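>>> next one to model:
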Amino acid sequence: MLTENSYHSLKLVLTPKKYTIIRNYLIGIMVILILILFLPWQQNVQGKGKLIPYQPQDRPQTVPSVIGGRIEAWLVQEGQFVKKGDTLAVISEVKEKYFDPQILNRTSAQISSKEEAVKAKMDKIQAGENQVLALKKGLKFKLEQTRNKVKQMRFKVEADKAVFEAAKVNQKLTQDQYKRLENLYNKGLASLTELQNRNGKTQEANAKLIEAENKFNTTQNELINAEIELNSVEADYLDKISKAESSVNETAGEIFESQAEISKMKIELSNLEMRAGFYVIRAPQDGYIVKAMRSGIGENIKEGESLLTIMPANAQMAVEMFVRPMDLPLMYPGVRVRVQFDGWPALVFSGWPNIGVGTFGGIVSAVDKVNSPNGLFRVLVVQDTADLPWPSAIRSGGGVYAWAMLNNVSVWYELWRQFNGFPPEYTAPMADKVEPEIKSMNK
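Prediction:
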């Protein structure tokens, strides 16, 4: 019976078995590659960055000296853990204005003396006000007294006027009687004695008239003087009242000035008390001493100059990653992110995050509105509480490689997009679902 091995020519036509195996392998590999092209691939936006504390109060801070001074003692060293309020360093005064160790007590004594002076001036004001009241009462009494005197003088003027008028009538009457008696004497009907008696009465009447006139004129002058006195009394008392009120107002002005000085001195005393508390530099919060910027004992420091840097303890870390402007529209709060920390072993499949190991979940919490000096846009990523917790060994400043998860597409489509340089597919925002979670982390 003839077989294919019986003839050499048939052996040459047949395909060797080893080549058949290779062909089958190649066909299998091609089928696998074609199938891989139809596998789902999750688009992503990649970026590099570093770890930073998420809250501003958790970031490294410098501890300055509020006042200028001289370093007297260091009570901490670099790397040491300190609690809030712990003493870091002690400084002493360098301004001669504050050298006096009793400056607080002396300033307090000055304030007390000034307050006592204000009390004395207030008593002076009270005495001045009482004096004004007394002068007003005295003015009222003196005016009534002087008005009564003017009334009395007017009555006296009327009385003296009546006496003067009566004296005038009496003088004229005696003068007429003397003339008639003189006629009778010339006719021999009256005696010389009678004429002389009548002449004496006439002279007496003339004297009384002159006396009454003088008295009347004197009383009139006294009335004028009383009226002048009435006007001068009011003027004198008003002058005294004005001087007393002026003294009261002047003292009140001095009190206001003294009170202003007391306020300034109290402010100065408060500043001195606060300054005394600044001689001790204390830790603003719990943390670790990172670096001392000044060293030595007796070294002078300026006002506001930083002494050391402190890294707050238990800081919540966030990833500060940078993305291209082209990818910025795809970044918004709520986007899921996978992160890989430097120094942390990881096997990464960016398109198949479920296969990779050593990566951790994150959520975009903020996107800057302006670009950074490097031309990229900064994105802040916080820990995804629904994923594995971030390692506790990570430190601020450590490098991070991150990629944001976008749409699910086929592998062939992603290759075609990469070859053509097209941006990833835009995904509808999921911020409404994730923002409450971010807010809870911020709290």
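>>> how deep is the closest residue to Glu261 other than its chain neighbours tucked in, by neighbour count?
Once flanking residues are discounted, Glu261 sits nearest to Lys114: 6.2 Å by Cβ to Cβ, 6 or more residues apart in numbering. Yep, even glycine has a C-beta here, placed from its N, CA and C like the rest. By other Cβ atoms under 10 Å, 16 other residues sit near Lys114.
>>> what residues does Lys114 make contact with?
258, 261-262, 265 (Cβ atoms under 8 Å, 6 or more residues apart in numbering).
>>> now do Glu234
Here Glu234 is in contact with 139, 143 (Cβ under 8 Å, 6+ apart).
>>> any idea which helix or strand comes after the host helix or strand of it?
For Glu234, the element it lies in under DSSP states H and E is helix 192-277. Per DSSP H and E, the first helix or strand lying C-terminal to helix 192-277 is strand 280-282.
>>> for that following strand, give the mean pLDDT please.
Mean per-residue pLDDT for strand 280-282: 91.
>>> return the set of buried residues in that strand.
Neighbour-count burial for strand 280-282 flags Ile281 (criterion: 16 or more other Cβ atoms under 10 Å).
>>> and that strand, what does it pack against?
Contact here means 3 or more Cβ pairs under 8 Å, 6 or more residues apart in numbering; DSSP states H and E; on that basis strand 280-282 packs against strand 87-92.
>>> what's the first helix or strand after the strand it packs on?
Next along from strand 87-92, by DSSP H and E: helix 103-186.
>>> over to Lys291. Which of the three states is it?
At Lys291 the chain is in strand, as set by DSSP: H, G, I helix; E, B strand; the rest coil.
>>> Tyr288 too?
Using three-state DSSP, the structure places Tyr288 in strand.
>>> look up how far Leu88 lies from it.
12 Å (Cβ to Cβ, to the nearest Å).
>>> which one's more surrounded, those two?
Leu88 (21 against 16).
>>> so the more buried one sits against Gln80, correct?
No: look at Leu88 against Gln80 with Cβ atoms under 8 Å: they stay out of range, at 9.6 Å.
>>> which residues are in contact with both of those two?
Common neighbours of Leu88 and Gln80 (Cβ under 8 Å, 6+ apart) are Ile289.
>>> tilt between the helix holding Glu234 and helix 103-186?
Helix 192-277 runs at 170 degrees relative to helix 103-186, counting by axes from the mean of the first three to the mean of the last three Cα atoms, to 10 degrees.
>>> can you tell me which residues contact Gly361?
Contacts of Gly361 by Cβ under 8 Å, 6+ apart are 336-339, 383-384, 386-388.
>>> buried subset of the residues you listed?
336-339, 383-384.
>>> quick one, domains of the protein?
Taking automatic domain parsing as the criterion, the chain consists of the domains 41-59+315-442, 61-87+283-311, 103-277.
>>> tell me which of these sits nearest to Leu33.
When these are compared by Cβ to Cβ, domain 41-59+315-442 sits nearest Leu33, at 9.7 Å.
>>> let me see the mean pLDDT of the closest one.
75.
>>> what does the residue sitting furthest away from the middle of the chain show for phi and psi?
The centre of the chain is farthest from one residue, Gly188, which by Cα atoms, centre = their mean lies 123.5 Å away. Phi and psi for Gly188, reported as degrees, to the nearest 10, are phi 80, psi 20.
>>> likewise for Val337?
phi -130, psi 140.
>>> end to end, how far does stretch 75-95 reach?
Stretch 75-95 has an end-to-end distance of 24 Å (Cα to Cα, to the nearest Å).
>>> quick revisit: and the residue nearest to Glu261, how far from Ile267?
Taking Cβ to Cβ, one finds Lys114 at 13 Å from Ile267.
>>> and what of Ala226?
For Ala226, the distance to Ile267 (Cβ to Cβ) stands at 61 Å.
>>> what's the pLDDT at the residue nearest the centre of the chain?
Closest residue to the average C-alpha location of the chain: Ile267 at 14.9 Å, with Cα atoms, centre = their mean. The score at Ile267 is 90. That number is its pLDDT.
>>> closest to Asn130 among the contacts of Lys114?
Looking across these and measuring by Cβ to Cβ, the closest to Asn130 is Ser258, at 21.6 Å.
>>> name all residues that make contact with the closest one.
114, 117-118, 121.
>>> wait, doesn't Phe99 sit right on Ser92?
No: using Cβ under 8 Å, Phe99 is not in contact with Ser92; the gap is 10.0 Å.
>>> quick one: terminal-to-terminal distance for stretch 309-316?
18 Å.
>>> can we start the residue count at 452 from this point?
Happy to do that; since the first residue is 452 now, the last one works out to stretch 760-767.
>>> what is the burial count for Tyr505?
21.
>>> would you confirm that it contacts Asn765?
No: assessed by Cβ under 8 Å, Tyr505 is found out of contact with Asn765, at 11.8 Å.
>>> hmm, back to that, and the buried ones among the contacts of Gly812, which is closest to Ser843?
Checking the buried ones among the contacts of Gly812 against Ser843 by Cβ to Cβ gives Gln834 as the nearest, at 11.7 Å.
>>> please list all residues in contact with that closest one.
By Cβ under 8 Å, 6+ apart, Gln834 lies in contact with 767-769, 811-814, 840-841, 892.
>>> adding distance to Tyr688, write the contacts of Gly812 out as CSV.
Compiled in CSV, the contacts of Gly812 are given as follows (distance: Cβ to Cβ, whole Å):
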residue, distance to Tyr688
Arg787, 95
Val788, 94
Arg789, 99
Val790, 95
Gln834, 90
Asp835, 93
Ala837, 94
Asp838, 96
Leu839, 98
